[in-house]
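Q: starting from these lines, generate the structure:
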Amino acid sequence: EDFVVDIPAKYRGKVVSILLPASTKKMMKLINCPGVVPAEIFWGKSLLSITLFDFLESPVGPYAELVFATPILYKPKIRIPLLPLIKDQISKKYNLFVFDIVQSTEMAIKHGNILTGYPHDTNLINVTFEEDKKGINVKSYGDNKSIIDIQLDKPRKEKFINESYFTYFIKENSPYKIKMDIYAIGGNVKINKFSLGDHRLAGFIKNLGISYKPFQVRYSRDVIEINPVTKEKL
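A: Residues are numbered from 1 along each chain as shown. You can find the predicted model right below:
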């Protein structure tokens with residue numbers, strides 16, 4: 001099969017991202033990449049990033065995506081917890097190390113493997129966003145099992161978000177990084193419910209020594225993600 005992939009690749013939809021306190025020691029074992037260390041919020045605790053996307057437009061049509069990652073520092077000169085978290089500037093200070101990307105269509109997986117080489121799960125999942133006057137309910141599930149079920153308030157304040165950062169990952173035992181550009185309209189939100197189901201991916205989250213009280217939750221009703229595919233081997 002032949003594929004034509006436009007560069008840069010553009011994706012548009014909505015997204016919720018959650019940062020959960022987790023065990024630094026367990027994060028280090030998962031990263032296993034020279035020079036990359038988890039960014040700690042206090043001693044022994046770093047962050048698990050869980051991002052749920054509903055892409056309405058992409059090079060391969062609509063699809064949903066669940067991403068597990070952790071904010072990291074690359075070859076830091078100093079490692080002081082909380083230092084980069086001043087004024088809620090996590091995304092501007094940190095880059096992300098990607099553990100796993102799980103998607104809802106086989107075409108999205110093929111597209112991602114060709115474009116980036118990110119670690120893509122071969123099993124399919126789905127993500128749904130349901131919105132009403134009270135708030136937003138976001139669910140992810142696969143194999144008839146629940147992964148995550150969350151209920152959010154709508155943002156009280158929205159702003160235009162423009163972020164640029166690097167995502168790090170391992171491919172064929174070698175470390176790489178790719179730049180990512182984000183443009184969005186959204187804001188931080190209060191989470192009213194966060195529950196994990198019995199899917200194996202829920203087990204992955206539970207095994208990281210997480211706190212069920214999120215450090216930060218952000219919802220963007222309109223997000224454009226641009227991947228210029230500037231892949232570099234470290």
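Q: distance of residue 74 relative to residue 177?
A: According to Cβ to Cβ, to the nearest Å, residue 74 stands 8 Å off from residue 177. Bear in mind the C-beta positions are built from the backbone N, C-alpha and C, glycine included.
Q: which neighbours do those two share?
A: 95, 166, 168 (Cβ atoms under 8 Å, 6 or more residues apart in numbering).
Q: take the residues you listed and keep only those in helices.
A: Among the shared contacts of residue 74 and residue 177, no member falls in helices (DSSP state H).
Q: with distance to residue 182, neighbour count and pLDDT as extra columns, can I get the residues you listed in a markdown table?
A: Shown next, in a markdown table, are these (distance: Cβ to Cβ, whole Å; neighbours: other Cβ atoms under 10 Å; pLDDT from 0 to 100):
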| residue | distance to residue 182 | neighbour count | pLDDT |
| --- | --- | --- | --- |
| 95 | 13 | 19 | 87 |
| 166 | 12 | 17 | 87 |
| 168 | 16 | 22 | 91 |
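Q: count the residues that sit near residue 60.
A: For residue 60, the count of nearby residues is 20 (other Cβ atoms under 10 Å).
Q: next one: it relative to residue 192, how far apart?
A: 34 Å.
Q: do the same with residue 146
A: From residue 146 to residue 192 the distance is 17 Å (Cβ to Cβ).
Q: of these two, give the one with the bigger neighbour count.
A: Higher neighbour count among residue 146 and residue 192: residue 146, with 16 against 13, using other Cβ under 10 Å.
Q: residues touching the more buried one, list them.
A: Taking Cβ under 8 Å, 6+ apart, one finds 139-140, 195-199, 202 in contact with residue 146.
Q: out of the residues you listed, what pair is the most spread apart?
A: 139 and 198 (13.8 Å; Cβ to Cβ).
Q: which of the two has more neighbours?
A: Neighbour count, other Cβ under 10 Å: between residue 139 and residue 198, residue 139 has more, with 18 against 10.
Q: thought that one was touching residue 128?
A: Yes: counting by Cβ atoms under 8 Å, residue 139 touches residue 128, with 5.1 Å between them.
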